[in-house]
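K.L.:
Provided below are the primary sequence and the corresponding predicted coordinates.
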There are 2 protein chains.
Amino acid sequence: MLTDRQLLILQVIIDDFIHSAQPVGSRAISKMQKVTFSSATIRNEMADLEEMGFIEKTHSSSGRVPSEKGYRFYVDHLLSPLKLSNQEMNIIHEAFKDRMLEYERVVQKSAGILSDLTNYTSIILGPEIFETKLKQLQIVPLNDQSAVAILVTNTGHVEHRAFNVPAEIDASDLGKMVNILNEKLSGVPLVQLHEKLYLEVSELLRKHTRDYENAFEYLRAALLDEQPAKLYVGGKTNILMQPEFKDLDKVRSLYGMIEKENEIAHLLRSDQSGLNVKIGHENQFDAMQNCTLITATYRLGEDQMGTIALLGPTRMEYNRVISLMNVLSQEMTETFQSWYQSE
Amino acid sequence: MLTDRQLLILQVIIDDFIHSAQPVGSRAISKMQKVTFSSATIRNEMADLEEMGFIEKTHSSSGRVPSEKGYRFYVDHLLSPLKLSNQEMNIIHEAFKDRMLEYERVVQKSAGILSDLTNYTSIILGPEIFETKLKQLQIVPLNDQSAVAILVTNTGHVEHRAFNVPAEIDASDLGKMVNILNEKLSGVPLVQLHEKLYLEVSELLRKHTRDYENAFEYLRAALLDEQPAKLYVGGKTNILMQPEFKDLDKVRSLYGMIEKENEIAHLLRSDQSGLNVKIGHENQFDAMQNCTLITATYRLGEDQMGTIALLGPTRMEYNRVISLMNVLSQEMTETFQSWYQSE
DNA sequence: ATTTAGCACTCGCTTTAAATGAGTGCTAAC
DNA sequence: GTTAGCACTCATTTAAAGCGAGTGCTAAAT
């Protein structure tokens, strides 16, 4: 389809534009060492490339700029994965060296690394907690009106929720309930907790507690109301550094979109595992039309999965960024894996 | 010092400028109903006000703009506290109606309200947790390598930390320790925990646990390493809406400064209780030279205190904002108070 | 002694026009 | 097929002109 020379020219245009953010002209290309032919030749080739939709002009007499199709082709066929520099590798390894034992910490740190090393904005979706298993329930009474319910999962994740204890409910009843619940529900994946609670445990509870209905309901509400998806965003301000966002309106709409955590979470969750690159209009949101979103998945344990994502302009340093995300998701997965080696 | 007429003119200039963000000219002032004298008179008065430093020109033939000294005078002497609208009161009461039982939730919600209702950026410093008292300690083993330490305070606040359990330490030892610790340390303010741990409890622990040194150290590290100050920021993007921040460099430097959480926390903590207004250069940070920071304190229990702050341009709707912050800090304090009514 | 009308002047902002220059497409020669 | 040459395009820069909101000052009116 494309001649070698066309491939070379396309590659050069994209590489150059990614770093300069300026339209690339034929003369500039002809001056490069690896290019042996004249600017006129290049102009002809560029006309062809434009006709095929890989590059565009910003106005009738401007240099060329990659189109989304161009980027897509570049990512799919032209990309030479860049080895990360020693310095970058050091930063990553250093960060993962001190054993972190909570996924929040790992995820947060990873988001920081990702945005710092790329100058783009990182978004990390925490692992789905529902696949994790219940390790222990605990209720700590605070006074005669309120108590804290604490739920610990096998991954060391802790959820807690304070709740009101109505006067009718006795503290000892709560204690009994917790004992029963721990006995019956320990090891149950959180996603099944609801179901199991109703089917198997509620009968048992009824027998042992006086004011069963009430206590049960409070406990259920305290522990099982769905938690909103947790999103960790790093380097939001990096967006301001990108020349494509010198227009404040664009910044505003993009920030607006990042704040819709639920939609973002849904978006990230829907991507398949492995590395995905969505360029410009391949993204469903209007505010992301000039953006590329790269997602990669990491694993925590067997089935549980989370997603790390990087949001930047379509003019993105694809080769570096992709390597980086591969390394990072790998590193995260390994860290998590190490927690379970001998469970 | 200032004549009534000068006071009126100053007030009118500031009021107008706060809403229009445009320099105010003598003609515009003379057209107002409450102003009965001519534009020429106003020009003379304005010349005097300028000489005294309350107002400034942006260039030799522009209208007048309040100076920082002008704002200061306005806040100290001219301000007529605005009653909040019903709608605003509704929003606040609605938000505080559903009983929230964790201070995080209260604080987070308050930050949201504050920024939404003002279109400025809210920053809330969580209460100092060290004044709270230990309610219960808990250790939940995850596997033979790690466990989660959980600390519950009398305010229902939960801190947790996963940690590695070296092979030498027996699970039962940990259990024993926890029992001892709960017995001895329950009710102790967190700030004294460290001290008490060493002075009173360590001896006791030594007797009961085999590998005392190790276990103790791990537990201590897991529970008592200082937590960084928790800052809740709302409406960061509101900054982008303010005309004084149409220059991206200013936005960048301000965002940069907000991200220095420790410095901000220190700044907020250092303010005295009650309501404080810091205008422009009264703030120590360069990035805040065009900004006003208003802080107000709230209480959680007896001594514990937190700070709510609002960051906006010096051209701030002082009357509305100050009322709002008073109401909000009051509301927060009441909410927290209600938790202790019958402890 | 104040207040005000009148007027010249200032200066940022907007519009218009011209100059610049990077880059293209096309043609004709190599 | 490749390239030199040239006319052409158009965003950007520069300069000049006009506009208008607003001031300060003066002299007359109250």
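P.N.:
Yep, that arrived. All values derive from a computational prediction rather than experimental measurement.

K.L.:
how deep is A:R269 tucked in, by neighbour count?
P.N.:
14 (other CB atoms under 10 Å in any protein chain shown). From N, CA and C alone the C-beta is placed, and that goes for glycine too.

K.L.:
list the contacts for it?
P.N.:
A:R269 makes contact with A:125, A:229, A:307, according to CB atoms under 8 Å, 6 or more residues apart in numbering or on different chains.

K.L.:
report pLDDT for it.
P.N.:
Listed pLDDT for A:R269 reads 91.

K.L.:
so how far is the first residue of stretch A:80-87 from its last?
P.N.:
From its first residue to its last, stretch A:80-87 covers 20 Å (CA to CA, to the nearest Å).

K.L.:
go ahead and name everything in contact with that stretch.
P.N.:
With CB under 8 Å, 6+ apart as the contact definition, stretch A:80-87 has outside contacts at A:92, A:319-320, A:322-324, A:327.

K.L.:
need the contacts of A:R269 in CSV (columns: secondary structure, pLDDT and neighbour count).
P.N.:
CSV is the format used below for those (DSSP: H, G, I helix; E, B strand; the rest coil; pLDDT from 0 to 100; neighbours: other CB atoms under 10 Å in any protein chain shown):
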residue, secondary structure, pLDDT, neighbour count
A:L125, strand, 94, 26
A:A229, coil, 75, 16
A:T307, strand, 95, 22
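
K.L.:
and A:L134, how close does it get to B:S323?
P.N.:
Using CB to CB, to the nearest Å, A:L134 is found at 47 Å from B:S323.

K.L.:
roughly how far apart are A:E102 and B:N164?
P.N.:
Distance, A:E102 to B:N164, using CB to CB: 12 Å.

K.L.:
which members of the contacts of stretch A:80-87 are the farthest-apart pair?
P.N.:
A:I92 and A:N319 (16.9 Å; CB to CB).

K.L.:
okay, these two: which has more neighbours?
P.N.:
Legend: neighbour count by other CB under 10 Å for A:I92 and A:N319, higher for A:I92 (21 against 18).

K.L.:
hmm, A:L328 and that one touching each other?
P.N.:
Yes: using CB atoms under 8 Å as the test, A:I92 is close enough to A:L328 to be in contact (6.6 Å).

K.L.:
shared neighbours, those two?
P.N.:
The contact lists of A:I92 and A:L328 share A:I113, where a contact means CB under 8 Å, 6+ apart.

K.L.:
how is chain A divided into domains?
P.N.:
A:4-78, A:86-126+A:229-340, A:130-224 (automatic domain parsing).

K.L.:
top of the contacts of stretch A:80-87 by neighbour count?
P.N.:
For the contacts of stretch A:80-87, neighbours tallied by other CB under 10 Å; top is A:L324, 23 neighbours.

K.L.:
quick check: that residue touching A:L114?
P.N.:
Yes: counting by CB under 8 Å, A:L324 touches A:L114, with 7.1 Å between them.

K.L.:
OK, contacts around the residue in the stretch 101-250 of chain A that DNA strand C sits nearest to?
P.N.:
Per CB to the nearest atom of the strand, A:P243 is where the stretch 101-250 of chain A lies closest to DNA strand C, at 15.9 Å. Applying CB under 8 Å, 6+ apart to A:P243 gives the contacts A:A21.
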